[in-house]
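J.: Return a 3D structure for these sequence lines:
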Amino acid sequence: MFDLIQQGKALPQRHLRAGDFVYRAGKPVDGNLYIVLEGVVAALDNQEGFILGSELEPGAFFGDVEIMSESEIRLQTYKVKSMSATLAIMDKRAVKLTGELHPQFFLNLLRSAIDNLNRAEQYLINAAQKTEN
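T.: Numbering: from 1, shown residues only. Below you'll find the predicted structure:
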């Protein structure tokens, strides 16, 4: 069985403190997917407040939408919510290779991208409704 945390421990890592940004929406994509190994990371809204329910704990990953869509800019902002966080960094080549070797990883990647797109759609619907009122 494929264990994302175990695989992530063999990858380059990034150690962050509470309040550190992993990346910001609108900035150039670095081509990396991030795996949460320790701590909690959350998505932020346009006013840089944490989005309720967006907390990512160990074993979760993000950055997948930009990799799968080949976007040139980051579509979401992520920030460390816990006292600290350790993230594994998986570049685009490693994502492709891991997906080929472990189909379950690729299936999880697709599910995550769909979930993220659904969440983004709901966010945009809510934002549009607020501007109409």
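J.: Strands of the chain, start to end?
T.: All strands of the chain, identified by DSSP state E, fall at 13-17, 21-23, 32-38, 41-44, 61-62, 77-80, 84-91.
J.: TSV please, covering those and showing distance to residue 116 and mean neighbour count.
T.: All C-beta spots, glycine's among them, are computed from the backbone N, C-alpha and C. Shown next, in TSV, are the strands of the chain (distance: least, CB to CB, whole Å; neighbours: other CB atoms under 10 Å):
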stretch	distance to residue 116	mean neighbour count
strand 13-17	20	14
strand 21-23	14	19
strand 32-38	12	22
strand 41-44	9	22
strand 61-62	8	22
strand 77-80	11	21
strand 84-91	16	20
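J.: closest to residue 125 out of those strands?
T.: Closest to residue 125 of the strands of the chain, according to CB to CB: strand 41-44, at 16.4 Å.
J.: Name the residues that touch the closest one?
T.: With contact meaning CB atoms under 8 Å, 6 or more residues apart in numbering, strand 41-44 is reached by 22, 34, 50-51, 54-56, 60, 62, 76-82, 85, 87.
J.: This completes my enquiry, with thanks.
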